[in-house]
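# need coordinates for the following:
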Amino acid sequence: MLLKFDLHSHSFFSGDGISRPEEMIEVARSKGLQGLAITDHNNCASVDYLLERGLMREDGLPVDGFLLIPGVEVTTAEGHLLCLGARLPDNLKGTPAIEVCQLIHEAGGLAVPPHPYDRFRAGIREEVLEILPIDALEVFNAATTLDRHNRKALAYANAKGIGMLASSDAHHASVVGTAYTILETEELSLAAVISQIPHSHLTVENYQGFRASLRKTMANIRRLARRNRRKEKGGRSPR
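Numbering: from 1, shown residues only. Presented below is the predicted three-dimensional model:
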């Protein structure tokens, strides 16, 4: 059967994310998706959140016909790397990408570089991709800076014969499912999905649009303002 998944999205557990996981799931369901990976920056806090609320299962089976896939977007020393299908520690920021690939493989998951040619958004460069044991490549990112970044990623994946993902990279629930990957699996389960991602090539591609980009920009401005206030408060001498 053919199943639709958005495999790159961010909740309020990311510094630049806005929405609660429940909102993201609701939108994904409304758009006809069967699953979602919440891949927050450098943390897997959404996994505990979802498990505690009964929206995700430890055994990798769906809840009410919808599958949540554990994941994280690690800011490696060379750029961003999606790790799908397993939980990783939250302290990997700055770790060499090849080491993060090894860690996710040891945990039974997959390594997938997102927006690899987008240098404005910490994409991993091609010379690094050449030495990484990756399982698939994000060939369409709905929030990428320039369309040619996606075209280059698609050309690279075609040349290497690796799996291809299209993702929303949503930082607000409203754009979850803007782009997604179609997988052919025998069942709706974590094991089945992870086994098929390296062979995926069916994608649905739409860009997020201006309003979504503006929301993310405003969220980043608020995040930076909060960080600056904390720094100012921490730097003051006690009276």
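# any figure for the gap between the closest residue to Leu190 other than its chain neighbours and Glu186?
Spatial nearest neighbour of Leu190, chain neighbours left out: Gly60 (3.1 Å); criterion: C-beta to C-beta, 6 or more residues apart in numbering. Heads up, the C-betas are built off the backbone N, CA and C, glycines and all. According to C-beta to C-beta, to the nearest Å, Gly60 and Glu186 sit 14 Å apart.
# and stretch 31-45, what's buried?
Residues 33-45 are the ones in stretch 31-45 that count as buried (16 or more other C-beta atoms under 10 Å).
# tell me what the helix or strand harbouring Val74 is packed against?
Assigned by DSSP states H and E, Val74 falls within strand 67-76. If contacts are counted by 3 or more C-beta pairs under 8 Å, 6 or more residues apart in numbering; DSSP states H and E, strand 67-76 sits against strand 35-38, strand 79-84, helix 97-106, helix 190-196.
# now do the second one against strand 67-76: the angle between them, please.
Right, the one you point to is strand 79-84. Calculated by axes from the mean of the first three to the mean of the last three C-alpha atoms, to 10 degrees, strand 79-84 forms an angle of 160 degrees with strand 67-76.
# how about the third one?
Here helix 97-106 runs at an angle of 160 degrees relative to strand 67-76 (the same axes, to 10 degrees).
# quick one: list the elements packing against helix 97-106.
strand 67-76, strand 79-84, strand 110-112.
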